[in-house]
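Q: sequence first, predicted model second:
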Amino acid sequence: MRITVTGASGLLGSSVARALVTAGHEVTTLQRRPSGVDGAVDVIGSVTDAAAVDQAVTGAEAVVHLAAKVSMMGDPKEFEAVNIGGTRTLVDAARAAGVQRLVHISSPSVAHTGESIIGDGAEPASPEFARGEYARTKGAGERIALGADSSDFRVLVLRPHLMWGPGDAQLTERVIDRARSGRMPMLGSGAALVDTLFVDNAVEAIVTAVTAVDSTHGEALVVTNGQPRPIGELMSRIAIAGGAAEPKLRIPVAPALAAGSVVEKVWELGEHDDEPPLTRFLAEQLSTAHWFDQRRTQEVLGWTPRVSIEEGLQILAAHYA
Amino acid sequence: MRFPARPATLPPQLPEWDPAWSRIVEARTSDGTHAFHVLDTLPALTAAGVEPAGTIVALHGNPTWSYLWRRLAQATIDAAQSGGRAWRLIAPDQLEMGFSERLAHSSMPAPKSAEVRRIADRISDFDGVVSNLFAEVAATGSATHPIVTIGHDWGGVLSLGWAARNTELVSAAISLNTAVHQPEDAPVPAPLRATLAGPMLPAATVLTDGFLRVTLALGDLDAETKDAFHAPYRRAEDRWAIGNFVADIPVDDTHASDPELQRIGQDIAAFDKPALLVWGPKDPAFLERYLRDLRQRLPQADVHRFETASHLVSEDHDVPGLVLDWLSAQFDAPTTANTPTEAAPAKGSSERKGAAASATEAASARSGTPSSARGSTSDVADDSATGNGSAEVRAVTAILDARRDDEALASVDFAQNPAQQITWHHLWHVTTSIANGLLDLGVKPGDRVSMLVPPGNNLTAALYACLKIGAVAVVADAGLGPKGMTRAITSADPQWIIGELPGLALARAFGWPGRRISVRRLGPVRSRVFKAETSLTELSRTPHRAELPTPSPDADAAILFTSGSTGPAKGVRYTHADISALAAVLTRTFNVTEGTGLVAGFPPFALLGPAIGATSVTPDMSVTKPKTLTATAIADAIIAGRATMVFASPAAYTNVAATAGELDDRQREACAGVELVLSAGAPVPLELMDAIAEVFPNASIHSPYGMTEGLLLTDIDRDGVAAADATGGLGVCVGQPIDGVELALAPIDESGRSADELLQGATAQGRLGEFVVSAAHIKSGYDNLWHTTADSARDDLRGLTWHRTNDIGHIDENGRVWLEGRLQHVVTTPCGPVGPGGLEALIDADVQVSRSSVVGIGPVGTQALVAVLDAEGTSLSPGLAPLDLTARLREKVAEAVGHDLTAVLVAPEFPTDIRHNSKIDRSRLAAWAGSVLAGGPVRGSV
């Protein structure tokens, strides 16, 4: 199959592109920097650039759309341009080019209103109640993608949740770095249950979705390892796998939520390339439960996670050894 | 204040209410044509393409409206659509109530006001409305289309009255909490009295919504539901009839409605069709005495009590489910044996339960077993299935009677100081005297007698005296605590109490029902204080005169209460035949025969000695504290009874083993003479079996498994436990079914429910399921719990009567039963259901763990499997368990069952029941774990 992957310069995007190449597909990638994926044809450009998008999707039979602005902070206009505008541009171009399949990568945060998620399925995106610009604009983008679903243009939305593994800079490296310097806090008891997703499983789920979309489409699926864990336990395990000591720093939840808000505000005043160390959103994420019912996901994709959390941790430890 | 007339209206949008159910119906009444708002499901059924095959007419009380029946409406429609009998529901709002027409009034309602609509008018209103609607479906009221009434509060007595006056139309009647008040018996209940007091009446009922609010507080209603009940009563002018109803309560016999109420009461008493009474005992207005009154008027009625419910019983409990199942048992199950209707005859006993119709009638009137049991199917199971002992059922008192002249030892009681020995002759004489005395006192066959006497000669005498005359012993364990005992005894509603002083003191303090008989003769002051009319001592001097009545084998013999570890304690009904069968099992399985000497340290078996002809010895111990049984006490009991068998609980044996060092040579020799040690009440681990073997070196050690509903189901001995342990199976192995017990398994599905189909043999092996048993000696039913009885006995595999044990686990390839917990504690992970018990045994084996509880967190079918450890007695601190321990347990669980253990938590404490301090309150523990795993606090109480 001829498949276009957007956002293939990131860990997940490039891994998906690589896996698709390995599986024998003709892969075109679209991103602002070279993807570095052997065997794929790179189109350099942004999803906000209609000409580049047209070029990337022409002749494709399926598109995997991973390109997004992922950040805790930043200018709302930039989020909108990439996550909403870019998705609309891509969907329009793909339909115009006769592409039949779209696997749109979203995020569980599009439906997260700050309440605990306890074994729920994939609720509809609710950008109105979203926490932060990322979630809001990803939610709007997901609506655009699902709104375009038809029997000729089959759309499946995957929402990978808290991906981690070797090479992941978003979560894994930060946890390990902070734990190494003794700055990895545990909020409250650390017992809040969270679902996570080992990177290899994320890649395989997305690859599977490219064919699964033919039989089931027009819906969103949260993708996790199906092994919820207390957040404190998992963070400690990741830190230890990265060679750090078990984190012992504990912060009560309420002050952390307040501190998160303050840091967010102060951070916005200055010029920072990096993310703030703690946002209210992150504090909430780390102190409330969010784990999901995976039965529908596994049924639709015909897929189960191959790497368990315990095996993933061993792979991670080998990576950092 | 003026009250303007207003036509009937339609309700606004309300939760759980389908606007398609609403109709405005005009009917001729005693004062002209009026318009009624009526809940009628006919249009909804027609729209669904279903033709009704029955009609339920429902009448609400004060101050509710037909909204009360919304769930019944939905349930009947759902049932009709899924292929069950299609019941049409017609539920009018009474005139001036709900959304029915309001009449003009110029004054406040008052008892003597001419404007008050009387109960007689209301019955005729009801008749007018429903008659019009019946005409819409031609067959209504015919043999193929029965009419059933249901009512609540005032609607209960009114609908029963209407049913009784229309028996040519009505096939059955149901009522929830209601009353036929008898002014001569007692004043109206206090809350009503206050409202009735003159000027209070309009203030409480009409001018304010006080009466409405107070009533709606008598149920577990959410704000939306309360608001829906309020909807037709928002303004004072909407509420005139609320005051009307209260004003029309016939508080005394001068009240205008009293004669009509008395007539209704008499008419109800003549109603002889099937009836069901559904009761919420916490109702402050419709008290127990009204239920008692109704049962006397409707002796055929089945009863279901929802122990935790108050007045609005149908708001808190699944009344629609109960009603539909009951209707199905009355109208849809005449030939198949899938309801407890057939429970009795299918028991495999050679005695048909229908043999003595009168006794059965008396029994089922009080019983909660469907009255239609009488004369139903006679497909009696083949005896081979239920044990060969059932061929010849001996009366419980037959051996006692046969040994009336035997001077050999019958019973030794070490609870008396000095120990009291009685011969068979003496025991026969005493029990016969007491039986005569009880009859003289007015005890009738079928009367219930609450036994507040600890095991020993006195209890034996009282019990066998009752058995001789067909009085029913009610036994509630003191371990339930005063509150639990009060609830249990109130629900059993005994006419009599026989008690030692502590029991009588409790009875007095908590107002337990029943006329009182003390054990020992009390002085005049204490007799008065405890209202003791006589004593066993006095009764035992009654000359033998009367020919004693012979109880039918099918008559109730005893009501034994469960421990109540999973909700309010349930009364379990045993008939004379059941008790005989139980005695026969002891003989058949453990060779307890006439002349055997047995030490009875376990209450249920302590009572069977005289039925078997065995010499029973009650050792010196406190029954409620089995740990008080010492090795020397048991040895002395063995010596006194020349006993070769010992029955006690594991807790008692633990202490016996711990105190074995105190035995002298003679005592040790006596213990060495014991041939059989039976440990009942809980499984016995191998270490304890070994310890018991040290004390009783020549005994075979058995640990049968059972429950209040079936005391002996499986059995395992010491070698069996050792062999089972060696297999490393999950759970606790309780051995194989004993002779006469049929075992089946109802597999558990991914939602944690046990299947309707039962499996036996090889297909039942190696899978998680609920154990379902059949035997001649299992319960005949639950007391006043019609639905629970029906549910527990719903199976009809091979025409037998089965009992759903609620215990879960698996059967291995050798047919051994492994317990893994209770049905309601099954964890439903995405990989399938898991029994917590098996995993707990695995986890408890870890050196860092003292005890654990495995619970499920999250939605059914996708639950997270969580182990909670008790911090007490360990070095663990509350919160997340240490990483290494968590990893170790997770690996163990994955290896054993292939499930992912999500988390391991350490709880600061384990909530346990007061009775055993061992049964863990899992629902509380699960709630705590759920909160912690959602980010909630760890500290504080669990």
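A: Noted; the coordinates are in hand. Computed from a predicted model, the values in this text were never measured in an experiment.

Q: so residue B:666 touches residue B:639, yeah?
A: Yes. Judged on Cβ atoms under 8 Å, residue B:666 makes contact with residue B:639 at a distance of 7.4 Å. Placement of C-beta: from N, CA and C, glycine included.

Q: between the two, who's got more neighbours?
A: Residue environment comparison for residue B:666 versus residue B:639 gives the larger neighbour count to residue B:639, 19 against 11, counting by other Cβ atoms under 10 Å in any protein chain shown.

Q: give me the pLDDT value at the closest residue in space to the more buried one that isn't next to it in sequence.
A: Excluding its sequence neighbours, the residue lying closest to residue B:639 (Cβ to Cβ, 6 or more residues apart in numbering or on different chains) is residue B:670, at 4.8 Å. Residue B:670 is assigned 97 on the pLDDT scale.

Q: count the neighbours of residue B:188 for me.
A: Residue B:188: 18 surrounding residues under other Cβ under 10 Å.

Q: give the contact list for the residue nearest to it when sequence neighbours are not counted.
A: Of all residues not flanking residue B:188 in the chain, residue B:251 sits nearest, at 5.4 Å (Cβ to Cβ, 6+ apart). For residue B:251, the contacting residues are B:111, B:183, B:187, B:188, B:196, by Cβ atoms under 8 Å, 6 or more residues apart in numbering or on different chains.

Q: looking at the residues you listed, which are in strands?
A: Per DSSP state E, strands hold no members of the contacts of residue B:251.

Q: if I look at residue B:178, how far off is chain A?
A: Relative to chain A, residue B:178 is positioned 42 Å away (Cβ to the nearest Cβ, to the nearest Å).

Q: could you do residue B:161 as well?
A: 51 Å.

Q: burial of that residue, as a residue count?
A: Other residues near residue B:161 number 28, with proximity taken as other Cβ under 10 Å.

Q: which strand or helix spans it?
A: With elements taken from DSSP states H and E, the one containing residue B:161 is helix B:154-164.

Q: buried stuff in the following helix or strand past that helix?
A: Next along the chain after helix B:154-164, taking DSSP H and E as the criterion, comes strand B:170-175. Neighbour-count burial for strand B:170-175 flags B:170, B:171, B:172, B:173, B:174, B:175 (criterion: 16 or more other Cβ atoms under 10 Å in any protein chain shown).

Q: chain A: which of the residues you listed is nearest?
A: Ranked by distance to chain A (Cβ to the nearest Cβ), the buried residues of strand B:170-175 are led by residue B:174 at 38.7 Å.

Q: who's that closest one bridged to?
A: Taking DSSP bridges as the rule, residue B:174 bridges to residue B:150, residue B:276.

Q: is it true that it touches residue B:149?
A: Yes. Residue B:174 is within contact range of residue B:149, at 6.7 Å (criterion: Cβ under 8 Å).

Q: right, and the helix or strand after the one helix or strand the residue nearest to residue B:639 maps to?
A: With elements taken from DSSP H and E, the one containing residue B:670 is helix B:665-672. For helix B:665-672, the following helix or strand on the C-terminal side (DSSP H and E) is strand B:676-679.

Q: in the chain, where is pLDDT below threshold?
A: All of this refers to chain A. By pLDDT under 70, the weakly predicted segments of chain A are A:72, A:249, A:251-285.

Q: chain B is the one I meant
A: Within chain B, the stretches with pLDDT under 70 are B:183-185, B:191, B:194-195, B:197-198, B:333-392, B:623, B:913-918.

Q: residues of it that sit close to chain A?
A: Applying Cβ under 8 Å from any Cβ of the partner chain, we find that chain B lies next to chain A at B:830, B:857-859, B:861-864, B:879-880, B:883, B:886-887, B:890, B:900, B:902-903, B:905, B:930, B:932-935, B:937-938.

Q: of those, grab the buried ones for ChimeraX.
A: Buried members of the residues of chain B next to chain A, identified by 16+ other Cβ under 10 Å, are gathered into one ChimeraX selection as follows:
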select /B:830,857,858,861,862,863,864,879,880,886,887,890,900,902,903,905,930,932,933,934,935,938
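
Q: ok, the closest residue in space to residue B:741 that isn't next to it in sequence to residue B:584 distance?
A: Across the structure, with Cβ to Cβ, 6+ apart as the measure, the residue nearest residue B:741 apart from its sequence neighbours is residue B:775 (4.5 Å). In this view, residue B:775 and residue B:584 are 11 Å apart by Cβ to Cβ, to the nearest Å.

Q: can you give me the strands in the stretch 351-500 of chain B?
A: B:409-413, B:420-423, B:448-452, B:472-475, B:496-499 (DSSP state E, counting those that start in this stretch).

Q: which other helices and strands contact the third one?
A: With contacts defined as 3 or more Cβ pairs under 8 Å, 6 or more residues apart in numbering or on different chains; DSSP states H and E, the packing partners of strand B:448-452 are helix B:457-469, strand B:472-475, helix B:481-492, strand B:496-499, helix B:501-510.

Q: got the contact list for the closest residue to chain B within the stretch 101-250 of chain A?
A: Proximity to chain B, evaluated over the stretch 101-250 of chain A using Cβ to the nearest Cβ, is greatest for residue A:119 at 3.3 Å. Taking Cβ under 8 Å, 6+ apart, we find residue A:119 in contact with A:291, A:292, A:293, B:857, B:858, B:859, B:862, B:863, B:864.

Q: could you tell me which of these are located in strands?
A: Secondary structure assignment by DSSP E places A:291, A:292, B:857, B:864 of the contacts of residue A:119 in strands.

Q: go ahead and confirm the first one touches residue B:858.
A: Yes. The criterion here is Cβ under 8 Å, and residue A:291 meets it with residue B:858 at 7.4 Å.

Q: shared neighbours of these two, anything?
A: Contact with both residue A:291 and residue B:858 is made by residues A:118, A:119, B:864, according to Cβ under 8 Å, 6+ apart.

Q: now, among those, which is nearest to residue B:210?
A: Taking Cβ to Cβ as the measure, residue B:210 lies nearest residue A:118 of the shared contacts of residue A:291 and residue B:858, at 40.1 Å.

Q: doesn't that closest one belong to a helix?
A: No. According to DSSP: H, G, I helix; E, B strand; the rest coil, the state of residue A:118 is strand, so it is not within a helix.

Q: for it, the count of nearby residues, please.
A: Using other Cβ under 10 Å, residue A:118 is surrounded by 22 other residues.

Q: ok, it - contacts?
A: With contacts taken as Cβ under 8 Å, 6+ apart, residue A:118 has the following neighbours: A:193, A:289, A:291, B:857, B:858, B:859, B:930, B:934.

Q: could you dump those to TSV with distance to residue B:454?
A: Putting those into TSV (distance: Cβ to Cβ, whole Å) gives the following:
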residue	distance to residue B:454
A:193	49
A:289	50
A:291	52
B:857	43
B:858	46
B:859	47
B:930	41
B:934	47
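
Q: does residue B:777 fall in a helix, a strand, or a coil region?
A: Secondary structure state of residue B:777, per three-state DSSP, is coil.
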